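Novice: Just a sequence and a predicted model for now, questions to come.
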Amino acid sequence: MFSNIIFDTMAYQSLNVLGEEFIRYFEKEETICSLAIERIKIDLEEFPSSRPEDKRLLQAWNYYKTADDVYMLALNNRGKSISIITEALVLWVYNKLWEGFELSSKGYRKEDMVIFGAKFEPPRPEVIPMIMNCIIEWLNNNSLDAISKSNCFHLLFEVLHPFEDGNGRVGRILLNAILIENGLVNVAFRNRDAYLDAIKKAEDGAIIVIDKLARGRKLTNDQITETLLTYGDLKSMNDLVKKELIHSLKVQSRINQVLLDISKASYLLGFKNKDYVRVLINRGKIKAIKIDNRWKVPLSEIIEFIEREKQALENIEEIVSKTIHIEEFK
C-alpha cells in the first residue's frame, strides 16, 4: 500500500519546520518518562520554566535543555551520511546532564562497575574510549533501518555503561538523536517495565559484541551487525519504538487539530485515487468534517485507520516521513 517517495528541495525544507514542531512538543513528556525509568518522579505541572535550585527538578531541566540542543543538531543533519554522534558529543551530553551536581568524574568512569541484576559486567574503564569509538564507527557504517540502528546503538551503549551514573538518560537521548537524523521523531518510553523488558530481550547480541571488543577482538562493522541481530531479540525493542512513534503522531495531531484535505489524506494512505478516501468517509471508516463544502480529515483519523489496517508497525518509518513532509500542516 505504501510506496517510497523521494521529496524535492521545497518539501525537504518543510520537513525541518514541521519536524521541529513535532520534536519540541514531546521533549517535556520524554523528559518526564526518561526520568521515571530511573524512578525520579516529575509531574508536568511542576516542570520548571527556568533553571531551578531544587536538585530533582534540576535533573529534569538539564535533560530537557540537553535533549533540545542535541535534537536540533540532529534535525539539521537529516540527509547526511555521518551521524552527529561523536565521542565529544557523548561526553558533552553527559556533562550537561549533570551541571550543578557534584560528580567524582566529569568524563568516563574511572572504576569497575557491577550492575545489580544485569546479565553482564560493563568492561573495565581503560577500554571504554576504544570501544566507544568502535561503536560510533559502526553507527556510521551499517545499512540497518533507522529504528534498528538507533536501538542497536542504544543496546551497545548501555552494555558499555561508560559513565558512573546517568547512562540510561544519555543513551535515550542518543537513541532519539539517531531517529531524528534519520527522518523520524523522538519517542517517550511511557511504560518503564515494557522498556526494560524489551532491552533484556534484545541485549544478548550487544553483550557479546562489547565483551569481544573489551578482550581485544577486532570486529568488522558487518560482524557487529550480524552478532547484534543473531543473538538479540531486536523485534521487541523495535516494536516498542514503533508503537511510541505512532502514539506521538496521534497525540500531536489531536492537540494541534491537524486537518488534511482529501489529496493529503490520500497521499498518507498511499492511494493513487483520492476518491478512495471519499468512499471510506461515506462508509464511516474514517471520520471527516466539511468546511466550505470540502472534506477535511483529521490526521489522527488517518493514523488510527492505518493502525486498524495493521499497517502501522510495518510501515512506521514511511508513515512518519510522509506525515512530517506534508506542507500547509496547520
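Specialist: Perfect, I can see it now.

Novice: those helices in the stretch 201-330 of the chain, which residues are they?
Specialist: Using DSSP state H, counting those that start in this stretch, the helices of the stretch 201-330 of the chain run over residues 204-214, 221-231, 234-255, 262-269, 275-282, 299-308, 316-323.

Novice: Of the ones you listed, give the one that comes closest to residue 21.
Specialist: Closest to residue 21 of these is helix 234-255 (C-beta to C-beta; 8.0 Å). C-beta: built from backbone N, CA, C; applies to glycine.

Novice: Can you tell me what sits against the closest one?
Specialist: 22, 25-26, 147-148, 150-152, 154-155, 179, 184-190, 194-195, 197-199, 201-202, 205, 228, 258, 298-300, 303-304, 307, 312-313, 316, 319-320, 323 (C-beta atoms under 8 Å, 6 or more residues apart in numbering).

Novice: Show the buried residues in those.
Specialist: Buried subset of the contacts of helix 234-255 (neighbour count, 16 or more other C-beta atoms under 10 Å): 22, 25-26, 147-148, 150-152, 154-155, 179, 184-190, 195, 198-199, 202, 205, 228, 258, 298-300, 303-304, 312-313, 316, 319-320, 323.

Novice: just checking, which of the residues you listed belong to strands?
Specialist: Residues of the buried ones among the contacts of helix 234-255 located in strands (DSSP state E): residue 298.

Novice: number of nearby residues for residue 272?
Specialist: 8 (other C-beta atoms under 10 Å).

Novice: What separation do you get for it and residue 113?
Specialist: Between residue 272 and residue 113 the distance is 56 Å, computed by C-beta to C-beta, to the nearest Å.

Novice: Kindly report the same for residue 84.
Specialist: 27 Å.

Novice: Read off the pLDDT value for the spatially most central residue of the chain.
Specialist: With distances taken as C-alpha atoms, centre = their mean, residue 176 lies nearest the centre of the chain, 3.1 Å away. What the model reports for residue 176 is a pLDDT of 97.

Novice: got it, and residue 7?
Specialist: 23.

Novice: cool, and residue 247?
Specialist: So, for residue 247, pLDDT stands at 83.

Novice: how deep is it tucked in, by neighbour count?
Specialist: So residue 247, with other C-beta under 10 Å, has 15 neighbours.

Novice: Any idea which of the helices of the stretch 201-330 of the chain gets closest to residue 35?
Specialist: helix 234-255 (16.3 Å).

Novice: Hey, what's the angle from that closest one to helix 204-214? Just curious.
Specialist: Helix 234-255 and helix 204-214 are oriented at 120 degrees to each other (axes from the mean of the first three to the mean of the last three C-alpha atoms, to 10 degrees).

Novice: hang on, the earlier thing: tabulate the helices of the stretch 201-330 of the chain (JSON lines), appending distance to residue 288.
Specialist: Shown next, in JSON lines, are the helices of the stretch 201-330 of the chain (distance: least, C-beta to C-beta, whole Å):
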{"stretch": "helix 204-214", "distance to residue 288": "45"}
{"stretch": "helix 221-231", "distance to residue 288": "42"}
{"stretch": "helix 234-255", "distance to residue 288": "14"}
{"stretch": "helix 262-269", "distance to residue 288": "8"}
{"stretch": "helix 275-282", "distance to residue 288": "5"}
{"stretch": "helix 299-308", "distance to residue 288": "7"}
{"stretch": "helix 316-323", "distance to residue 288": "17"}
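
Novice: Please name whichever of those is nearest to residue 43.
Specialist: Between the helices of the stretch 201-330 of the chain, helix 234-255 lies closest to residue 43; by C-beta to C-beta that is 17.7 Å.

Novice: Show me how far the closest one is from its chain's centre.
Specialist: 9 Å (C-alpha atoms, centre = their mean, to the nearest Å).
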